[in-house]
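>>> when you get a sec, could you give me coordinates for this:
(one chain, ligands or ions: 1)
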Amino acid sequence: MIGIIFGPPGSGKGTQAARIEAEFNLKHLSTGEILRAEVARGTPIGKEAGRIMAAGDLVPDKLIVDIVRGRLPEAEAGAGVLLDGFPRTVRQAQALDAMLAEEGHRVDLVIALEVPEGDLIERLLHRAKVEGRADDTRKAITERMHEYHKLTEAVLDHYARQGVALERINGTGTPEQVFDRIRRAIVISSR
Ligand code: AMP
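Here you go, the predicted structure:
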């Protein structure tokens, strides 16, 4: 199975993806985590991406597509893949579809977390205190929300138009409550 966990910044994608990975034996591929590791290691990719990420902007499609192209074959070799934070633009989605098609695969499921914007900002500002992520400043958060509405939301329409199963999940409440809703949706959609 190839799944995407989708949602605005702060909607709980990373938290839920880790749980889904454990319960459904999927390989979790987070482009944000990969980039943060590159930044921490000071690699050329990290140097290119670090400043863009700190400002809350999206890194270039080509850079991110090349990263995914490098990681996807290994991830696809297992029971399934759960993409987190990718694709974030329609171009990335088209590139992903083409990569998967080469292996006779396609996106099977999109799990879209829905959380009111006020809650998202509160969560991200709270995370800033706990984790100290460089892009959890008020200015970068505003930019990330802007990028989400301008470029990323359209990815949902892209997959809806293809008839891919789309599960809209209420992302408010505790992580356990949200995971319970996701688990039910995955079980039902895989019947
Ligand atoms: P995330 O951990 O998914 O919130 O990603 C953190 C930051 O990494 C984003 O705000 C972007 O700057 C960058 N990033 C992660 N994934 C992508 C992507 N698919 N396309 C462009 N930029 C990305």
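>>> when you work out contacts or count neighbours from here on, use the C-alpha atoms and nothing else.
Fine.
>>> check which residues of the strand or helix carrying Arg36 are buried.
Secondary structure here is read from DSSP states H and E; on that basis Arg36 sits in helix 31-41. Of the residues in helix 31-41, those buried by neighbour count under the rule 16 or more other Cα atoms under 10 Å are 31, 35-36, 38-39.
>>> how near is the spatially most central residue of the chain to Thr137?
In the chain, the C-alpha nearest the mean C-alpha coordinate belongs to Gly85, at 2.1 Å (Cα atoms, centre = their mean). Taking Cα to Cα, to the nearest Å as the measure, Gly85 falls 19 Å from Thr137.
>>> next: Ile45.
Ile45 sits 22 Å away from Thr137, going by Cα to Cα.
>>> go on, Lys62?
26 Å.
>>> ok, these two, which is more surrounded?
For the pair Lys62 and Thr137, the greater number of neighbours falls to Thr137 (20 against 12), based on other Cα atoms under 10 Å.
>>> contacting residues for the more buried one?
125, 128 (Cα atoms under 8 Å, 6 or more residues apart in numbering).
>>> tell me the pLDDT of it.
Thr137 is assigned a pLDDT of 94 by the prediction.
>>> how about Ser190?
The score at Ser190 is 78. That number is its pLDDT.
>>> show me what the following helix or strand past the helix holding Arg36 is packed up against.
Next helix or strand after helix 31-41 toward the C-terminus (DSSP H and E): helix 44-54. Of the remaining helices and strands, those touching helix 44-54 by 3 or more Cα pairs under 8 Å, 6 or more residues apart in numbering; DSSP states H and E are helix 31-41.
>>> please state the mean pLDDT value computed over the helix it packs on.
Mean pLDDT, taken over the full extent of helix 31-41, equals 97.
>>> run the angle between it and helix 44-54 for me.
120 degrees (axes from the mean of the first three to the mean of the last three Cα atoms, to 10 degrees).
>>> with just CA atoms, put the helix or strand where Ala101 lies into CSV.
When elements are defined using DSSP H and E, Ala101 is found to belong to helix 90-102. Included here for helix 90-102 are C-alpha records, laid out as CSV according to Å, rounded to 0.1, in the frame of the first residue of the first chain:
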residue,chain,number,x,y,z
VAL,A,90,0.9,19.3,-7.7
ARG,A,91,4.2,19.0,-9.6
GLN,A,92,5.6,16.8,-6.8
ALA,A,93,2.4,14.7,-7.0
GLN,A,94,2.8,14.3,-10.7
ALA,A,95,6.5,13.3,-10.2
LEU,A,96,5.5,10.8,-7.5
ASP,A,97,2.8,9.3,-9.7
ALA,A,98,5.3,8.8,-12.5
MET,A,99,7.8,7.2,-10.2
LEU,A,100,5.2,4.8,-8.8
ALA,A,101,3.9,4.0,-12.2
GLU,A,102,7.3,2.7,-13.2
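>>> the next helix-or-strand element following that helix pairs with which strands, and in what direction?
Moving toward the C-terminus from helix 90-102, the first helix or strand encountered (DSSP H and E) is strand 109-114. Sheet pairing here is set by DSSP bridges, and for strand 109-114 it gives strand 2-6 (parallel), strand 165-170 (parallel).
>>> okay then, goodbye and thanks.
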